[in-house]
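**Student:** Predicted model, plus sequence, below.
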Amino acid sequence: MTGIDLAAVAEYDEQFAGSTYGLSGRTSLFTLNDVRRAEMFVQMSGVEQQVVAWRNADSPKQGPGGRPAFITDRQLLTAMMLLAMEKSPLLVMEMRNVLAYRLDDRARQHLGVRPAPEDFDDPRAAYNW
């Protein structure tokens, strides 16, 4: 794994100093700048490549496979980093909330995440997302 270039992080922080992540707890929207910053941390850590290597080592392809992944490693790791940046618990439900409800339109499009259920209060729609 590679180390994190702290100079690059500091430069990025200065460039996007107006970010809103972490200001209002677990209901604030993450902007495109927040997502790009989280992706930069994930990319510099090399963890995505390590997850792929672990998956390949654990289950070599032996057949046609199953259903394609609904959420990519990059999307999941970015959601985890966004939660870590705002000091929220790294729970699966929280990651689901980030990807389903807490990304603004530009951030959602950048990550390639499908739109959230129309009704935020509908537990069935939230569960099925």
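**Tutor:** Cool, got the structure. Computed from a predicted model, the values in this text were never measured in an experiment. Numbering: from 1, shown residues only.

**Student:** what about the helices in this protein?
**Tutor:** 6-15, 32-45, 47-58, 73-85, 92-101, 105-111, 123-128 (DSSP state H).

**Student:** And Leu29, its phi and psi?
**Tutor:** For Leu29, the backbone dihedrals (degrees, to the nearest 10) come out as phi -80, psi 140.

**Student:** Not counting sequence-adjacent ones, nearest residue to it?
**Tutor:** Setting aside the residues directly before and after it, Leu29 is nearest to Asp104 in space (Cβ to Cβ, 6 or more residues apart in numbering), at 4.8 Å. (Glycine included, C-beta is placed from N, CA and C.)

**Student:** any weak-confidence spans in the protein?
**Tutor:** 1-26, 63-64, 117-129 (pLDDT under 70).

**Student:** How many residues are close by Ala100?
**Tutor:** 19 (other Cβ atoms under 10 Å).

**Student:** I'd guessed it sits against Ala116; true?
**Tutor:** Yes. Counting by Cβ atoms under 8 Å, Ala100 does reach Ala116; the two are 4.2 Å apart.

**Student:** quick one on the thing from earlier: any chance of the helices of the chain in CSV, with distance to Gly65 too?
**Tutor:** Output for the helices of the chain, formatted as CSV (distance: least, Cβ to Cβ, whole Å):
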stretch, distance to Gly65
helix 6-15, 37
helix 32-45, 25
helix 47-58, 12
helix 73-85, 16
helix 92-101, 23
helix 105-111, 23
helix 123-128, 23
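
**Student:** Run through the residues that contact the nearest residue to Leu76 once chain neighbours are set aside.
**Tutor:** Using Cβ to Cβ, 6+ apart and skipping residues adjacent in sequence, the residue nearest Leu76 is Met95, 6.5 Å away. Contacts were defined as Cβ atoms under 8 Å, 6 or more residues apart in numbering; by that measure Met95 touches Leu76, Ala79, Met80, Leu83.

**Student:** Could I get the contacting residues of the third one?
**Tutor:** Yep, that's Met80 we're talking about. With Cβ under 8 Å, 6+ apart, Met80 has these contacts: Leu90, Met95.
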